[in-house]
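1. sequence? don't have it. structure:
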């Protein structure tokens, strides 16, 4: 079956990589496919054969690294059992006595050609197919595994793969996308241009340590957005190559309760969780239902958007929403003075979403700096107290004639899992701050220390930054266009409206690209509006 598919690729004249793959391991692909067709083992129906090994990457996406607060210099790996593979449409059991089963949508590479000590430029030739995978894990057993993930990620059904293989020869490895839905809500979206380590590098690196054989599977890591799932949840993962319209289809897994059979302490380690594991599994203290003092708030208003709280679902939505689209929606609601002007990102490709923790500087004055600038001042207190997912927003009055932070403070914010830093003043040690990887928006670089122009004065108060007012708890969103302040009580409404407008604008852009004139189309008149609504209705069917 798979060999016949490769022959079709060959016959239609695809590039040399496809022709090469057609001749590689074709007999084993046919044999494995015939076995799958005969119903030998439905778990491996989407694969050319049962994998000899499954290798998974610990941390590979910049978005996930930012969420975790650590950015690896090189890829690291763990193994998963081939018995953990499951087909689309199956179920995964959450074992009795556990609570932290988490999904991780990933791009899976299926090796098509034996790879041993291959160069990075040749590595992609050894990949036969790509497809969707779900690297499920049980945080309750993670501490006992001490990094090996043998028990936490090796359970039966913990590696769904499929449902359709995309020939690797057809796709640009830098142009793949992975998305995950839970109960129909999009929870993860990442593309390979966000990878810390290109897919070819991962294959080449693994091949310098051991042989990758046909049928082996490499799980390439997950983007930000992974979280806990519970019995009754339905998880869907899709990998696609949007530029050429190739898709794996939706890999569907339903969570169910496992049998009421507890783990036996006489045999080995028991499941155990603490608040650290809960934060890691859910993605944040807020999502885990933990207050700052460690008291559980799960099920209370702390996890709802009624009062404007930044929930994981709202955060994910804002990560997909351009700042320009938010600006347009806020403007229609009468809010124009909501942009932080005069600041530019050190990492234009990184999105910033978080809640404001404010820090106020007043103009430099020698006597006031003597009383407020030394010791454990407001600046140091702010960076020591910033919480996970918060953005330190600094009022420096647009004065970029000295630094308002340097590399040490940026490292502290990063270690505290802050979402980012926004200052309308300067940044010292700007190359070092940039290398740390935390999103930073600044008015520019300056070598001078704080006391030249500023006195650190107060924290957690209403401030002015870049010409707008920022209050503690305001939602801060930044991208390459700049930074915007979203009132919490409007965040869900404007994000939803902005994404809907983005869909509409994308449809209009496609019509313009087809040659239609702008008049009557942008904005849409009655005729075009009807055509747009009809296309949406057709897409929903």
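-> Structure received. Bear in mind that the values here come from a model prediction, so they are computed numbers and not experimental data.

2. nearest residue to the middle of this structure?
-> Nearest to the mean C-alpha position of the chain, counting by CA atoms, centre = their mean, stands residue 224 at 2.3 Å.

3. helix/strand/coil for that one?
-> Three-state assignment for residue 224 (DSSP: H, G, I helix; E, B strand; the rest coil): coil.

4. buried sites along stretch 336-348?
-> Of all the residues in stretch 336-348, those buried under the rule 16 or more other CB atoms under 10 Å are 338, 339, 340, 342, 343, 345, 346, 347. The C-beta positions use only the backbone N, C-alpha and C, and glycine is treated the same way.

5. kindly list the main-chain dihedrals of the third one?
-> The phi and psi torsions at residue 340 (degrees, to the nearest 10) take the values phi -90, psi 100.

6. go on, the last one?
-> The phi and psi values for residue 347, taken as degrees, to the nearest 10, are phi -130, psi 80.

7. do the same with the first one
-> Reported as degrees, to the nearest 10, the phi and psi values for residue 338 are phi -130, psi 10.

8. was I right to think it contacts residue 484?
-> Yes: if you go by CB atoms under 8 Å, residue 338 and residue 484 touch, sitting 5.6 Å apart.

9. give me the common contacts of those two.
-> 327, 330 (CB atoms under 8 Å, 6 or more residues apart in numbering).

10. what mean pLDDT does stretch 284-297 get?
-> The average pLDDT within stretch 284-297 is 60.

11. buried sites along stretch 117-136?
-> In stretch 117-136, counting by 16+ other CB under 10 Å, buried: 118, 123-136.

12. inside strands: which ones of the residues you listed?
-> Counting by DSSP state E, the buried residues of stretch 117-136 place 127, 128, 129, 130, 131, 132, 133, 134 in strands.

13. so where is the stretch 201-350 of the chain shaky, pLDDT-wise?
-> Residue ranges of the stretch 201-350 of the chain with pLDDT under 70: 290-308.

14. if we use 50, what do you get?
-> Scanning the stretch 201-350 of the chain for pLDDT under 50 picks out 291-308.

15. got it, and the stretch 351-500 of the chain?
-> Using pLDDT under 50, nothing in the stretch 351-500 of the chain is flagged.

16. helices along that one, start to end?
-> If DSSP state H, counting those that start in this stretch is used as the criterion, the helices of the stretch 351-500 of the chain fall at 366-372, 378-385, 407-415, 430-436, 488-513.

17. mind putting the ones you listed in CSV, distance to residue 194 and mean neighbour count included?
-> CSV is the format used below for the helices of the stretch 351-500 of the chain (distance: least, CB to CB, whole Å; neighbours: other CB atoms under 10 Å):
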stretch, distance to residue 194, mean neighbour count
helix 366-372, 41, 12
helix 378-385, 27, 18
helix 407-415, 18, 19
helix 430-436, 17, 16
helix 488-513, 19, 16
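
18. which one of those lies nearest to residue 456?
-> Closest to residue 456 of those, according to CB to CB: helix 378-385, at 3.9 Å.

19. contact partners of the closest one?
-> Identification of contacts with helix 378-385 by CB under 8 Å, 6+ apart yields 357, 359-361, 372, 392, 404-405, 409, 412-413, 416, 450, 456-459.

20. run the angle between that helix and helix 407-415 for me.
-> Relative orientation of helix 378-385 versus helix 407-415 (axes from the mean of the first three to the mean of the last three CA atoms, to 10 degrees): 30 degrees.

21. chain center to helix 378-385: distance?
-> How far helix 378-385 lies from its chain's middle: 28 Å, per CA atoms, centre = their mean, to the nearest Å.

22. okay, buried residues for stretch 246-257 please.
-> For stretch 246-257, a neighbour-count test (16+ other CB under 10 Å) marks 246, 247, 248, 249, 250, 251, 252, 253, 255 as buried.
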